[in-house]
Every structure is written in C-alpha cells, then in structure tokens.
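Chemist: pasting a predicted model and its sequence here:
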Amino acid sequence: QGEWMADLFQDKVAIVTGGASGLGLSLCEVLCRRGAYVIVADIDDAPAQKLAAAISAKGGRARAAHVDVANFEQVEKLVSDTVSEYGRLDYMFNNAAAAATRGELRHVSLEPWHRAMDVNMFGILHGTLAAYSVMIRQGYGHIVNTGSIAGLVSFPTSIPYGASKAAVVNLSIALRAEAEELGVKVTVVCPGPIHGEERKNVKLIGTEKAAELMLNGVERNKAIVVFPLLARVLWWLYRLSPNLLLSFGRKFMRDFRRRHKTPANAPKARS
C-alpha cells in the first residue's frame with residue numbers, strides 16, 4: 001500500500017458528494033489514505049474521474065460517479081449502485097454545496113434562494129434519505145452532513161446560504177435522535193472559512209487539515225463538529241450572548257454599505 005496507511009476507515013465504503021473539489025476532494029484523499037473505498041461523486045465528471053485516477057495511481061481505492069444532488073433519483077441510484085457493487089454503505093458524506101451569494105436581503109433575487117435550498121438543503125436531504133433507508137436495513141452506518149458555521153451563527157449579507165445551512169444543522173441533530181436506536185449515526189460538520197482566497201493577516205487552515213479534523217470528529221461520533229478554533233470561539237460567544245454578536249453585525253453592515261456605497265435608506269435594486 002506504500003504511503004496509504006490503514007486505520008478505523010480501513011475497508012469501509014464511503015460516498016462523498018461534491019468530491020471533486022475543495023473540502024470534498026481532500027476528504028476523498030484522506031479517506032483513501034486511511035484505507036477506505038471511496039466513491040467520488042460529483043456533478044462535474046472530468047475532475048471526479050481525474051481525482052479517482054490519481055488516488056488509484058497512489059494505491060488508494062476510488063472510483064468516480066456522476067450525481068446532481070438536487071435530483072433525488074440520481075442520488076438514490078448512486079447509493080443503490082454503491083450497495084450493489086460493495087454490498088453495503090458505511091459512510092455517506094453529504095458534502096456538495098452551492099457557494100454563498102453576497103448581498104443584502106433586499107437586493108437578492110429569489111434565484112440564489114432556490115439554488116441554496118436545492119443544493120445545500122434538499123441535496124443533503126436527498127443523500128440523507130437514500131443512505132438512511134439502506135443503513136436502517138443494514139443496522140449500521142454513519143451519515144455525515146456538511147453544514148457551516150453560518151448554520152450555527154447568523155451572518156448578515158449571506159442570508160440564503162446561512163438559512164440553508166441552519167436547516168442542515170436542524171435536520172442532522174433531530175435525525176441523530178431518531179436514528180440512534182436503529183444503529184445509524186448522524187454527524188453535522190460546521191466549518192468556518194477553510195480555503196479560497198486568504199485575507200491579509202488571516203491564515204486559513206486548508207482543506208486537507210479540515211478533512212482530517214472532520215474525520216476525527218466522525219471517529220468520535222460527535223453530534224456537531226466545529227472548526228477551526230476561530231469558528232468554535234464564535235459559536236461559543238453566540239451561545240453565550242447573541243446580543244454581543246448583534247452589535248458586531250451592525251458594525252459589519254455599516255462597513256459593508258460604506259464599501260459597496262449602498263446607504264441604509266437606498267431603494268431596492270431592480271433585477
């Protein structure tokens with residue numbers, strides 16, 4: 001196996017949606033390094049196939065699969081095909097997500113709302129339902145849903161994204177209680193900023209470290225996994241005193257409007 005080390009995930013079967021890029025890509029790589037069979041599921045076929053081939057070339061075990069998580073039939077087929085091939089499904093990582101749309105609610109059309117709900121909420125619901133029915137029959141399995149710190153702490157200027165992620169958090173925690181006696185585990189992962197363009201004086205942890213932290217929380221069967229440290233502190237402050245962060249939110253909005261030259265009394269933009 002060379003550089004690929006065995007551990008708890010050895011020989012486990014895992015589907016990762018949104019597996020061809022970002023956190024999903026690193027998650028596929030780390031899972032394979034830890035000995036799992038991984039289905040790199042993504043709406044973009046070429047990068048998914050490229051990643052699966054690269055992992056296989058290093059001695060890992062991965063294959064690519066096409067899926068649009070907003071389409072329940074496709075998600076159901078993905079799960080069914082996986083179970084037909086491997087005989088079971090140990091982990092379902094519902095990770096695919098639509099990026100946040102920045103802007104004040106009064107300036108945001110309905111399209112970003114539909115996209116956020118179709119991918120971030122219904123996409124995760126579809127994966128959860130498809131995997132849950134299989135795992136109930138098996139009597140075991142672990143569903144891991146990717147939420148966001150934005151689903152735990154309310155952020156102005158990205159309300160559709162935050163609302164969709166808050167729904168994921170609520171779904172996951174409630175299902176965890178329903179699923180426990182059926183042998184199925186449920187975890188929701190709520191990362192803060194981990195990759196993308198780094199801001200001045202802000203060091204992001206990167207997707208590989210994020211994937212490792214994510215899997216560490218899954219190993220320990222945590223209900224909610226929050227990282228990095230800044231996100232955990234923010235969540236702690238929000239639970240301690242929501243009004244404290246509300247004052248930060250007001251200042252954030254004043255700065256945001258100044259940067260975008262949209263005064264508080266500006267009329268709604270027409271699309």
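Modeler: Nice, I can see it.
Chemist: from here on, just use CA atoms for contacts and neighbour counts.
Modeler: Noted.
Chemist: what bits of the stretch 1-150 of the chain have low per-residue confidence?
Modeler: Filtered on pLDDT under 70, the stretch 1-150 of the chain yields the residue ranges 1-6.
Chemist: ugh, typo on my part, it should be the stretch 151-271 of the chain
Modeler: 195-203, 263-271.
Chemist: that one: strands as residue ranges?
Modeler: 184-191, 224-227 (DSSP state E, counting those that start in this stretch).
Chemist: please apply the same query to the stretch 1-150 of the chain.
Modeler: So, for the stretch 1-150 of the chain - with DSSP E, counting those that start in this stretch - the strands run 13-17, 37-42, 61-66, 91-94, 141-146.
Chemist: neighbouring strands - and their directions - for the fourth one?
Modeler: Each strand paired with strand 91-94, and its direction, by DSSP bridges: strand 13-17 (parallel), strand 141-146 (parallel).
Chemist: tell me which of these lies nearest to V69.
Modeler: The closest of those to V69 is strand 13-17. By CA to CA, the value is 7.7 Å.
Chemist: contacts made by the closest one with the rest, please.
Modeler: 24, 27-28, 36-42, 67, 69, 79, 86, 88-96 (CA atoms under 8 Å, 6 or more residues apart in numbering).
Chemist: list buried residues within those.
Modeler: 24, 27-28, 36-42, 67, 69, 79, 88-96 (16 or more other CA atoms under 10 Å).
Chemist: for the stretch 101-250 of the chain, what spans make up the helices?
Modeler: For the stretch 101-250 of the chain, the helices defined by DSSP state H, counting those that start in this stretch occupy 110-115, 122-138, 159-179, 207-219, 229-240, 242-260.
Chemist: hmm, who's touching the fifth one?
Modeler: Contact partners of helix 229-240, identified using CA under 8 Å, 6+ apart, comprise 149, 152-153, 191-192, 226, 244-245.
Chemist: can you give me the buried ones in it?
Modeler: 231-232, 234-235, 238.
Chemist: how about stretch 54-70?
Modeler: Along stretch 54-70, these residues count as buried under the neighbour rule (16+ other CA under 10 Å): 55, 59-70.
Chemist: and the furthest pair within those residues?
Modeler: It's G59 and A70 that sit farthest apart of the buried residues of stretch 54-70, by CA to CA, at 32.2 Å.
Chemist: how long is stretch 170-189 from one end to the other?
Modeler: 12 Å (CA to CA, to the nearest Å).
Chemist: need the contact list for the nearest residue to R61 once chain neighbours are set aside.
Modeler: Distance criterion CA to CA, 6 or more residues apart in numbering; nearest residue to R61, sequence neighbours excluded, is Y37 at 5.1 Å. The contact partners of Y37, by CA under 8 Å, 6+ apart, come to 11-14, 31, 60-62.
Chemist: next one: G87
Modeler: Neighbour list for G87: empty [criterion: CA under 8 Å, 6+ apart].
Chemist: mind saving the C-alpha coords of stretch 209-220 as CSV?
Modeler: Only the C-alpha atoms of stretch 209-220 are listed here, as CSV (Å, rounded to 0.1, in the frame of the first residue of the first chain):
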residue,chain,number,x,y,z
LYS,A,209,-6.4,19.8,7.6
ALA,A,210,-10.1,20.5,7.6
ALA,A,211,-10.7,16.9,6.2
GLU,A,212,-8.6,15.5,9.0
LEU,A,213,-10.5,17.4,11.7
MET,A,214,-13.8,16.4,10.1
LEU,A,215,-12.8,12.7,10.2
ASN,A,216,-11.5,13.0,13.8
GLY,A,217,-15.0,14.2,14.8
VAL,A,218,-16.7,11.4,12.9
GLU,A,219,-14.5,8.8,14.5
ARG,A,220,-15.6,10.1,17.9
